[in-house]
Each structure stands twice: as C-alpha cells, then as structure tokens.
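*Asks:* what follows is a predicted protein model with its sequence.
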Amino acid sequence: MLCSNENSAAGRRALWTPMLTPARRALTLAGLCLLAGSAAAAGPPCAPAAGAPPRASAQADDAPSLEELLNTARAEAVGLRAEYAPELPALLDRLARGLADDRDREQEVPLQRLAEMGGTGGELLAESLRAGSQTDAVERARADAALHALLVLRPRTAAPTLQREAQDAIGDTRKRILRALTACGAPAPTALFLRQMFEENTSTLLRSAVVQAIAYIDDPTTLAVLDMALAGDDARLRRDAVRGASAAGLERFLPTARAALDDPALGKELIEPLVDYLLVLQLEDSPLGDFRRIQSHLYGAGAVPSDVGVRVLDACHGLQLEARDIESLLTPLLGRGGELGMAAEILLARSGSRESLKKLEKKADAAVDKAREGNIVPYIERAELYLRLAEYSKSVADYKRVLKASEDSSVFAQNTARLGLARAYAADGKFSKAFSEIEAAGISPRKIVELSGEPYFREMVAHSRYGDVFREARQLEEQ
C-alpha cells in the first residue's frame, strides 16, 4: 500500500516548513549551530566500509559556515525583538483591563499573542517587570499584567533575565521579579539561586522578599531557607517566612509550623501568622490537635497579649472545631471574662454551642434595651458581636442604624459603622459594597493596610479587582 503524501518524508517536510514561525526559525538556527559545533568537535567521519558506495560530501561548498549561521541567528533574534517590542505595551494594557474587570476574554487574547512570541516574548515580559514605576498607575498596571503573564505562560527563556534583574531591583519591583522567577526558572536551580541571595545579603527587606518568593518552590532548599529565617533574631523576617509559606500554601512547611507551635518559648509575633498558615491549608486531619497547640499560648506565664489572643481565637473559627471537644480547653479563658473570655464564648458559639450563642445574644439585647435614647454604643457592640458570629445580615442592620443615628453628630461613629459594614460585606462575599464603604470612610493608607490583615478581608484581598485598594495602599505606605 502506498504511503500518503502526509506520511512520506517529503510530505512531513512540507507540513513542517510553514509551521516555522520567526521565533522557531531563530531557535532552529541556534540548534543547528550547536549541532555543527558538536560535529566539528567529534572529528572527521569514519571511512566507509569496503565495497560501500562513496558517500556525498557532508557539507556542500556553498553551505553556510558556523559563523554565518550564528550571525543569522543573532540577526533573527534582533529582528524579533524589534517586531514584538512595539506590540507589548498595548497587549499589557489590554491584559491589565481584563484582570481589573475579571473578564476572561480580555485576558485570553493578549495571553495568546504573548505565547506566540515564544522565548523573545518571555524576555520582553521579564524586562517589563523592571520598567514598572511605583508612582505611575499605568506603568504599575503593566508590570502587574506582565507578572500575571509570566506566571501563566512560564517561559523558561525569561529566567536568565529575571536573575540578572533581581540583583539590583528594590521594593515591589523586586518582589515581582522574584515571584516570576519561581514560575519561570527550573525549581531546584532557582531555589539554590534564591538561597544564595539570602545567605549573601544582610538586608532584611531583600531577605524578606526572598523568603516570600521561595515558598512557591516545593523543594528541600526552600525549607532550609525558611528554617534559617525562623532561626534568626529578626522578628519581621520570621513573620514573613511564615506568611510566605501561608501565601503559597506550602504543605512541606507543615511539620515546621506544628513544631514551632509546640515550642512554649515561641515568639509571640509568630502565633497569628502560624494560625493563618494552618487555616490556609484547610486541614482536616488534626483540627483539634492544632487547636491544642494554639490554646497553650493563650494563657499562663507566657501567654500572648489579650488583643492577640482575641484575634487568634476569632481566626480559629476556620478550624471547624466541635464545641464539645474544645469547651474544657477554653474553661480557663471563659472564667477570666473580659475580651478574651468573650472571644472564647464566641468560638464556642461558632463551634455549635447553642448555650453560648443564647448567652451572648441575651447579653447584647439587654444592653440595647437599657440604652438611653441617642446612645449608639450598644448597637455598635451588638453589630460587632453579630459580625464575629458570622451573622452578617444582622450585623449590617445594626451598623446601618448606627450610621443613620450618627449622621449629624459623630464622625467617629460614622467611620466605625462604615468599616463595620465593610467587614460584614467583605466576609459575606459582597466586595463591591465593601469597597464602597472603605472609600466612604476616607481612612488613611496605613489603616487600609491594617484592614488587609483581618480575616474578614482575606478573600477580598486576593481578588484580582477589588484587592487593588489594599495593594495600592501598601505601595503608598512603602514609598
């Protein structure tokens, strides 16, 4: 049976030829150069066997030399950069709009074109991260779009450029470059490169950027770097190491996190980020065991401050605990009263204790009923209680009462109500309403950065569009 044209050697060559885009032609030429060099190093070919027909010359007299092939490859690469570079700003602008509006189609088209640019496109994207200004909103949006493209496309050709750029970059630019490098570079060599950066530099800001980036590489070297950060004396670096593992969801870090919580001398600044790490992993294997580790730091001689304890207990709602399992563990806190005792009671209510729920609601309702006309404090306290109990609609109703009652009297009460509404809306997934309340409150960038660390805003912070309010506030604070 005769072969079809598609399966013949000539047919395959005919099909392959039109598929050679300029980028592929440049890579093919470079590959030919390497092959030619290998052939030259191998020495002359062996003589043909006796009786065999003479072979044709390996290289025709008019074939290009190795130097000519290299020059052609270089010219192709320069030509590709000249062709693609003018397109890049418009592609990044469109991708930035797609990310801001959360529209898939607006993201797909520029990403497809960037993929078609091959290795040259990867190099141009890597260079775009360095070009992003922290003060120009358009340039910053382009740099964020370039980072997104690198995380999606993962071009290996970008890695050398990213390594060079990482040496001198600062601030958010350095964070973008290192994060892109973890996606584009081969895991083990990239982890070793980042470890070298960590060991050779003493700057806390640089080391902080490294530990937050390397956590995205699941490699033994990653754990070694995080362990070095945790063993050091720099409190900020220790926190950022845990936060990096939390942001990346690095499961390899779990034994280290649990061992740290088992240490009675654990630094108080690590309790909250370690709890957050456990919550991010959404563990189901040992929620009670993890809570035992956590609660051991809430009372006794080495107890964390009361305000930290309250935040930790509120965060523990995500551990999916059962009231019957934790009531005895919380007894020392329940008897203490105050904010910490109330947080323990709320945790019990959130864990299914109807008795605790009724006790809390009865106390809050009684305070509202006894309040004199014009006294809005009991309403604020009840709204906060409902918020912590995840009764978001009831919390919104009370905060709106406060907003209306303080319309002409107290700016402080107005802002308290608006931020309370923002928390309730954000926790309930209503990011647009939460964003509006934050804007209406007119608070400082520093306060917005503080809000980003609250569990109510966790999902909103990660949102591609509504998280911008927190990212921009952080950039303003770091300037």
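*Replies:* All right, it came through fine.
*Asks:* any idea how many residues pack against R354?
*Replies:* Residues near R354, counting by other Cβ atoms under 10 Å, number 10. Yep, even glycine has a C-beta here, placed from its N, CA and C like the rest.
*Asks:* and if you look at N201?
*Replies:* That count, for N201 with other Cβ under 10 Å as the rule, works out to 13.
*Asks:* against L389, how distant is it?
*Replies:* Separation of N201 from L389 (Cβ to Cβ, to the nearest Å) stands at 46 Å.
*Asks:* what does T416 give?
*Replies:* For T416, the distance to L389 (Cβ to Cβ) stands at 18 Å.
*Asks:* now do H463
*Replies:* H463 sits 24 Å away from L389 when distances are taken as Cβ to Cβ.
*Asks:* same check, this time on Y425
*Replies:* Taking Cβ to Cβ, one finds Y425 at 16 Å from L389.
*Asks:* more crowded one of these two?
*Replies:* Using other Cβ under 10 Å as the criterion, Y425 and L389 rank with Y425 on top: 24 against 19.
*Asks:* the helices in the stretch 351-479 of the chain, which residues?
*Replies:* 354-370, 377-388, 392-405, 411-427, 431-441, 445-452, 458-462, 468-478 (DSSP state H, counting those that start in this stretch).
*Asks:* the stretch 1-150 of the chain now?
*Replies:* 9-16, 22-41, 66-84, 88-101, 104-116, 118-131, 137-153.
*Asks:* and among those, the most buried is which?
*Replies:* helix 118-131 (a mean of 22; mean count of other Cβ atoms under 10 Å).
*Asks:* can I get that helix in CSV, CA atoms only?
*Replies:* This file holds the C-alpha atoms of helix 118-131, laid out as CSV (Å, rounded to 0.1, in the frame of the first residue of the first chain):
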residue,chain,number,x,y,z
GLY,A,118,7.8,32.5,22.2
GLY,A,119,11.1,33.0,24.0
THR,A,120,11.5,36.6,22.8
GLY,A,121,8.2,37.5,24.3
GLY,A,122,9.3,35.9,27.6
GLU,A,123,12.4,38.1,27.7
LEU,A,124,10.4,41.2,26.9
LEU,A,125,7.9,40.4,29.7
ALA,A,126,10.8,39.9,32.2
GLU,A,127,12.2,43.3,31.3
SER,A,128,8.8,44.9,31.7
LEU,A,129,8.8,44.0,35.4
ARG,A,130,11.8,46.3,36.0
ALA,A,131,10.2,49.1,33.9
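*Asks:* just checking, what packs against that helix?
*Replies:* Helix 118-131 sits against helix 22-41, helix 66-84, helix 88-101, helix 104-116, helix 137-153, helix 158-166, helix 171-184, with contacts defined as 3 or more Cβ pairs under 8 Å, 6 or more residues apart in numbering; DSSP states H and E.
*Asks:* for E373, give me phi and psi.
*Replies:* phi -60, psi 130 (degrees, to the nearest 10).
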